[in-house]
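Q: Coordinates only, no sequence provided:
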């Protein structure tokens, strides 16, 4: 198949349906949950949108299990799921990541079977969970992050 599994590195996680959007964080005015996971435009300065991705299992047919951890904001929080919503929390959370087609992956909650998707193209739109009916809005690309050489 010739595709490289892109795990164990720092990535921008780009939504296929809205290519100007990458998974990031949105400041949320709640003391218990100061951030939520959101689609962020390329020119969004705060919060930054780099993620550490670590494979916990790489299986047959380009099927993997991964954790997605913040690599920004001086935190060690993870993207997770709680029932039917996406959360940003301190405990690691393991996602199923089945390969779809060249450069496109889905990020699936193993407990509910729901997929991460981005319901809109506006900056700061909250990433949500959906059944596999959202089309390209539920596909993601993992783009290696390379810091500038300045």
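A: Happy to help now that I have it. Here the structure is a predicted model, which means the values were calculated and not measured.
Q: quick one, strands of the chain?
A: Shown for the chain, the strands assigned by DSSP state E span residues 9-15, 21-27, 35-41, 51-58, 63-70, 78-82, 85-89, 95-101, 104-105, 115-117, 128-130, 140-144.
Q: Among these, show me which one is buried the most.
A: Comparing the strands of the chain by mean neighbour count (mean count of other CB atoms under 10 Å), strand 115-117 comes out on top with a mean of 25. Using the backbone N, CA and C atoms, a C-beta is placed for each residue, glycine as well.
Q: Give me the contacts around the worst-scoring helix or strand of the chain on mean pLDDT.
A: When each helix and strand of the chain is scored by mean pLDDT, DSSP states H and E, strand 95-101 comes last, with a mean of 84. Residues from elsewhere that reach strand 95-101 (CB atoms under 8 Å, 6 or more residues apart in numbering): 3, 61-68, 79, 81, 105-110, 116, 139.
Q: orientation of it relative to strand 63-70 in degrees?
A: Inter-element angle recorded for strand 95-101 and strand 63-70: 120 degrees (by axes from the mean of the first three to the mean of the last three CA atoms, to 10 degrees).
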